[in-house]
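**Q** Could you work out the structure for the sequence below:
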Amino acid sequence: MIKSRVIAAYVFVFSVIAILLSRYAFLQVFSHKTLLAKSINNYSSIVATQPVRGTIIDSESLILADNKLSYAVAVLPRDSRNNIESIFSAIEPYINLTSLDKKKYYKQLRVSKSYDWVIIKDDLSNVEVANLVAHRYSFPELNIFAHTKRYYPFQDLYAHSLGYVGRVSQNDQKKFESAGTLSNYVANDYVGKSGIEQFYESYLRGSIGKKVIRTDAYGNEVGLIQNMPAKDGYTLQLTLNNSLQQKASQLLGSQKGAIVAIDPQTGGILAFVSKPSYDANLFLDGISPDDWDELRNDPRNPLLNRASQGTYPPGSTFKPFLAAVALYSGVRAPGYRFNDIGYFTLPGSTHKFRNSGNEVLGNIGILDAVAHSSDAFFYKLGLDMGVDRMDKYLPMFGFGQKTGIDLPQENSGLLPSRDWKARRFAKNPYQKNWLPADSVTMGVGQGFNHYTPLQMAFATSILANDGLVRHPHFLAKVLNKDGSLAMTYQESETQIPISKADLAIIKQGMVRVMQSGTGARVGAGIRYSIAGKTGTAQVVGLMQNSRKAKFSGSQYKDHSWFIAFAPVENPKIAIAVIVENAGFGAAVAGPIVRQMFDSYLLKPESTGSESYTYTNYKKFVPRAIENEQHQEDNENVENNDAQDSSSSEGDANEANTTE
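**A** Predicted structure coming up:
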């Protein structure tokens with residue numbers, strides 16, 4: 001009995017020891033990682049570290065979109081869920097907290113997770129930061145931190161090309177979730193909302209980092225456990241030329257319109273201006289209601305990107321392209337002659353489609369028809385081509401379709417067809433059919449024809465390039481922070497089937513425009529070869545037998561167009577300019593083109609009167625060069641200190657010798 005009790009006791013003791021050892025092994029070996037993670041969570045926090053958004057620079061490395069340091073105060077949703085209003089009241093004596101700041105806070109809160117810092121107020125002044133830091137013991141739940149935010153030094157100059165960034169919204173989060181990139185953003189992040197900022201978001205954004213920090217009982221950071229640094233965004237170098245962009249904006253002034261300049265040899269956009277514009281900095285943290293109402297209710301519509309989304313009848317700038325496809329399709333032969341009597345009438349009709357100013361040009365060919373912009377010639381050509389041929393061949397020059405430029409939004413314009421008109425006027429039995437008069441007015445760039453300035457510049461570059469198509473683009477290079485090349489824009493080329501001989505006829509006609517035709521005054525005294533075409537696009541129809549519009553008022557005045565390229569033998573720039581409601585193309589848009597070309601092509605000889613100074617703007621400095629400069633500065637300081645020390649010793653020895 002005693003022996004069995006002893007055995008039972010031993011079994012019990014050994015069983016307990018075995019259970020304890022098993023539990024110990026389970027906790028220390030098999031559950032080590034899980035329990036360690038829980039232990040770390042008890043005294044640590046995971047904090048997202050933001051990447052620095054990549055800068056955007058022009059072709060000469062001038063910074064167009066930069067980052068600046070900003071101080072903000074923020075709070076975690078879990079620490080403010082029930083007492084945010086009391087927090088607002090407590091900090092109001094120390095900072096200027098407006099109702100708009102509170103509105104922005106609640107907007108961010110809706111898209112925040114419990115561990116996302118939600119900004120109460122950004123852009124704190126030095127005094128406000130000092131006030132909060134001095135009273136930080138009263139607000140242990142607040143986080144006062146520095147971060148980088150976007151800044152557009154040229155304000156409204158690039159708003160329609162660069163676009164802008166804004167805070168992440170609920171719609172943005174849905175897009176990120178579907179794209180699988182939601183984990184790369186936090187609630188108070190910035191994201192590209194329009195323009196190049198939106199189109200190249202994946203390059204500019206970078207990758208979010210993470211650090212695990214040790215915290216005390218109050219949640220204050222007391223140490224670093226682990227750090228996985230963020231990867232900053234790439235720098236984008238664009239084809240834009242800031243000097244030319246500034247010139248274009250200056251020449252348009254307060255007028256409504258757009259200017260698009262392209263390098264025909266690469267397709268790179270040199271200048272892209274839409275007027276009026278707006279300050280892109282207004283949208284960074286949510287535009288104020290007053291500023292938004294002012295922009296939205298402005299009758300000049302500054303939010304419209306006229307360069308790539310505004311569409312206009314092309315007027316006579318359409319004629320060279322119609323003549324080119326007429327030669328290609330065989331509707332016109334190079335030696336074709338036409339008797340211009342000042343007007344054109346449809347067979348069986350008495351209505352006269354008149355030349356501008358009722359001018360009579362007599363017996364002319366294609367060259368003179370282009371040079372002197374004979375409306376009668378192109379009225380007849382429009383009728384002979386017919387809508388079906390025009391709809392078939394004009395897309396070779398990009399009409400009626402998007403150019404493919406690297407912007408998120410672009411208008412395809414309107415190259416009308418029978419099907420389009422049938423759909424457009426389906427409820428009107430008479431209007432839905434394509435009429436001969438529709439083809440007549442289409443021949444001079446009127447009627448249903450509507451294209452963007454970007455499309456007109458693109459078409460001009462194709463003509464300048466003898467039919468070689470290089471699609472327009474802004475991006476030139478993608479650079480790393482150290483300035484090394486990460487990627488170059490891959491250009492694509494295609495060739496339209498129109499022969500170089502036929503295109504040469506059209507180009508020669510455009511050269512004559514500048515020598516003796518409608519653009520002769522613009523081309524007078526020019527020091528390089530240039531080909532161009534004037535255009536005056538009617539906004540409303542004219543009264544019969546009159547040059548007066550059916551309606552009065554500045555909004556009904558004709559649009560002023562001009563397209564051109566130069567030098568003719570080796571084109572370096574092709575351009576399209578439209579000035580809304582400004583009258584004849586040669587009188588308003590033409591001089592703008594001339595000054596743009598002079599500024600760009602004669603820039604090595606330009607005088608100081610036309611030079612631009614950028615004392616308030618920065619150039620991109622690669623990180624490696626920047627570090628070298630800092631190192632050199634430090635070495636210079638050390639050398640200066642050593643020299644000062646040597647000089648002092650020498651002076652002391654000299655003084656001792658004198659004594």
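
**Q** Show me the shaky parts of the stretch 551-659 of the chain.
**A** 551-553, 604-616, 623-659 (pLDDT under 70).

**Q** does residue 382 count as helix, strand or coil?
**A** Classification of residue 382 using DSSP: H, G, I helix; E, B strand; the rest coil returns helix.

**Q** how many other residues sit next to it?
**A** Residue 382 has 29 neighbours, counted by other CB atoms under 10 Å. All C-beta spots, glycine's among them, are computed from the backbone N, C-alpha and C.

**Q** Secondary structure element holding the closest residue to residue 488 other than its chain neighbours?
**A** In space, and not counting its chain neighbours, residue 488 is closest to residue 477: 5.5 Å by CB to CB, 6 or more residues apart in numbering. Taking DSSP states H and E as the criterion, residue 477 maps to strand 475-479.

**Q** Which elements pack onto that strand?
**A** Counting contacts by 3 or more CB pairs under 8 Å, 6 or more residues apart in numbering; DSSP states H and E, strand 475-479 is packed against strand 235-238, strand 485-488.

**Q** so what strands line up beside it?
**A** strand 235-238 (antiparallel), strand 485-488 (antiparallel) (DSSP bridges).

**Q** what separates it from the chain centre, distance-wise?
**A** 14 Å (CA atoms, centre = their mean, to the nearest Å).

**Q** Please work out which residues outside it touch it.
**A** With contact meaning CB atoms under 8 Å, 6 or more residues apart in numbering, strand 475-479 is reached by 59, 196, 200, 203, 234-239, 268, 406, 485-489, 620, 622.

**Q** Can you say which of those are buried?
**A** Using 16 or more other CB atoms under 10 Å as the burial test, those include 59, 196, 200, 203, 234-239, 268, 406, 489, 620, 622 as buried.

**Q** which pair in the residues you listed spans the largest distance?
**A** The largest distance within these, taken as CB to CB, falls between 406 and 622 and amounts to 23.6 Å.

**Q** Spit out the contact partners of residue 537.
**A** Contact analysis of residue 537 by CB under 8 Å, 6+ apart lists 312-315, 445-446, 558-559, 561.

**Q** As a markdown table, those with secondary structure, distance to residue 133 and neighbour count would be great.
**A** Formatted as a markdown table, those follow (DSSP: H, G, I helix; E, B strand; the rest coil; distance: CB to CB, whole Å; neighbours: other CB atoms under 10 Å):
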| residue | secondary structure | distance to residue 133 | neighbour count |
| --- | --- | --- | --- |
| 312 | strand | 56 | 24 |
| 313 | coil | 62 | 24 |
| 314 | coil | 61 | 31 |
| 315 | helix | 63 | 24 |
| 445 | coil | 65 | 27 |
| 446 | coil | 67 | 20 |
| 558 | coil | 62 | 23 |
| 559 | strand | 58 | 24 |
| 561 | strand | 59 | 32 |
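
**Q** export the residues you listed to a markdown table and tack on distance to residue 29?
**A** Below are the contacts of residue 537 laid out as a markdown table (distance: CB to CB, whole Å):
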| residue | distance to residue 29 |
| --- | --- |
| 312 | 76 |
| 313 | 80 |
| 314 | 79 |
| 315 | 83 |
| 445 | 82 |
| 446 | 85 |
| 558 | 86 |
| 559 | 81 |
| 561 | 81 |
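
**Q** Remind me which helix or strand residue 369 belongs to.
**A** Going by DSSP H and E, residue 369 is part of helix 366-371.

**Q** Give the other helices and strands that that helix contacts.
**A** So helix 366-371, by 3+ CB pairs under 8 Å, 6+ apart, packs with helix 319-329, helix 500-515.

**Q** how close does residue 21 get to residue 32?
**A** Applying CB to CB, to the nearest Å, the value for residue 21 to residue 32 is 16 Å.

**Q** re earlier: tell me which of the contacts of residue 537 is nearest to residue 510?
**A** Nearest to residue 510 among the contacts of residue 537, with distances taken as CB to CB, is residue 561, at 13.5 Å.

**Q** so what's the closest one bridging to?
**A** Under the criterion used (DSSP bridges), residue 561 bridges to residue 535, residue 578.

**Q** shouldn't it be in contact with residue 577?
**A** Yes. Under the criterion of CB atoms under 8 Å, residue 561 makes contact with residue 577 at 7.1 Å.

**Q** and for those two, which residues touch both?
**A** residue 589.

**Q** Pull out the buried positions in the helix or strand harbouring residue 107.
**A** According to DSSP H and E, residue 107 maps onto helix 99-109. Using 16+ other CB under 10 Å as the test for burial, helix 99-109 gives 101, 104-105, 108-109.

**Q** go on, stretch 453-472?
**A** Buried residues in stretch 453-472 (16+ other CB under 10 Å): 453-472.

**Q** distance between that stretch and the chain's centre?
**A** Relative to the chain's own centre, stretch 453-472 is displaced by 20 Å; criterion: CA atoms, centre = their mean.

**Q** start to end distance for it?
**A** Using CA to CA, to the nearest Å, the end-to-end distance of stretch 453-472 comes to 12 Å.

**Q** quick one: the helices in the stretch 151-300 of the chain?
**A** Per DSSP state H, counting those that start in this stretch, the stretch 151-300 of the chain carries helices over the ranges 159-162, 170-179, 195-199, 201-205, 242-252, 289-296.

**Q** Output those helices in JSON lines; the columns should cover mean pLDDT.
**A** Formatted as JSON lines, the helices of the stretch 151-300 of the chain follow (pLDDT from 0 to 100):
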{"stretch": "helix 159-162", "mean pLDDT": "97"}
{"stretch": "helix 170-179", "mean pLDDT": "89"}
{"stretch": "helix 195-199", "mean pLDDT": "97"}
{"stretch": "helix 201-205", "mean pLDDT": "95"}
{"stretch": "helix 242-252", "mean pLDDT": "97"}
{"stretch": "helix 289-296", "mean pLDDT": "92"}
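
**Q** and the ones you listed as JSON lines, adding distance to residue 502?
**A** As requested, the helices of the stretch 151-300 of the chain are arranged in JSON lines below (distance: least, CB to CB, whole Å):
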{"stretch": "helix 159-162", "distance to residue 502": "34"}
{"stretch": "helix 170-179", "distance to residue 502": "47"}
{"stretch": "helix 195-199", "distance to residue 502": "36"}
{"stretch": "helix 201-205", "distance to residue 502": "41"}
{"stretch": "helix 242-252", "distance to residue 502": "31"}
{"stretch": "helix 289-296", "distance to residue 502": "47"}
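
**Q** looking at these, which is buried most?
**A** helix 159-162 (a mean of 26; mean count of other CB atoms under 10 Å).

**Q** Show me the contact partners of it.
**A** For helix 159-162, using CB under 8 Å, 6+ apart, the contacting residues are 56, 64-65, 152, 195-197, 240, 269, 272-274, 277-280, 305-308, 407, 474.

**Q** In helices, which of the buried residues of stretch 453-472 fall?
**A** Among the buried residues of stretch 453-472, the ones falling in helices (DSSP state H) are 453-464.

**Q** What is the nearest of those to residue 260?
**A** So of those, ranked by how close each gets to residue 260 (CB to CB), first place is residue 457, at 4.0 Å.

**Q** hey, which helix or strand in this structure has the poorest pLDDT?
**A** Across the helices and strands of the chain, mean confidence by mean pLDDT, DSSP states H and E is lowest for helix 623-658: a mean of 47.

**Q** end-to-end on stretch 481-500?
**A** First residue to last in stretch 481-500 (CA to CA) measures 45 Å.

**Q** quick one: average confidence on it?
**A** Averaging pLDDT along stretch 481-500 gives 94.

**Q** Stretch 260-278 too?
**A** Mean predicted lDDT for stretch 260-278 stands at 97.

**Q** Tell me which residues of it come out buried.
**A** Buried residues in stretch 260-278, defined by neighbour count with 16+ other CB under 10 Å: 260-278.

**Q** Could you list the alpha-carbon positions for it in CSV?
**A** Output of stretch 260-278 as CSV, limited to C-alpha atoms (Å, rounded to 0.1, in the frame of the first residue of the first chain):
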residue,chain,number,x,y,z
VAL,A,260,0.4,74.9,-77.5
ALA,A,261,3.9,74.6,-78.9
ILE,A,262,5.4,71.2,-79.9
ASP,A,263,8.9,70.1,-80.8
PRO,A,264,8.1,68.2,-84.1
GLN,A,265,11.4,66.2,-83.9
THR,A,266,10.4,64.6,-80.6
GLY,A,267,6.7,65.3,-79.9
GLY,A,268,7.7,67.0,-76.7
ILE,A,269,5.4,69.8,-75.5
LEU,A,270,7.4,73.1,-75.3
ALA,A,271,4.7,75.4,-74.0
PHE,A,272,1.1,74.7,-72.9
VAL,A,273,-0.9,77.7,-71.8
SER,A,274,-4.6,78.2,-71.1
LYS,A,275,-5.9,81.5,-70.1
PRO,A,276,-7.4,82.5,-67.7
SER,A,277,-5.9,80.1,-65.2
TYR,A,278,-6.0,79.6,-61.4
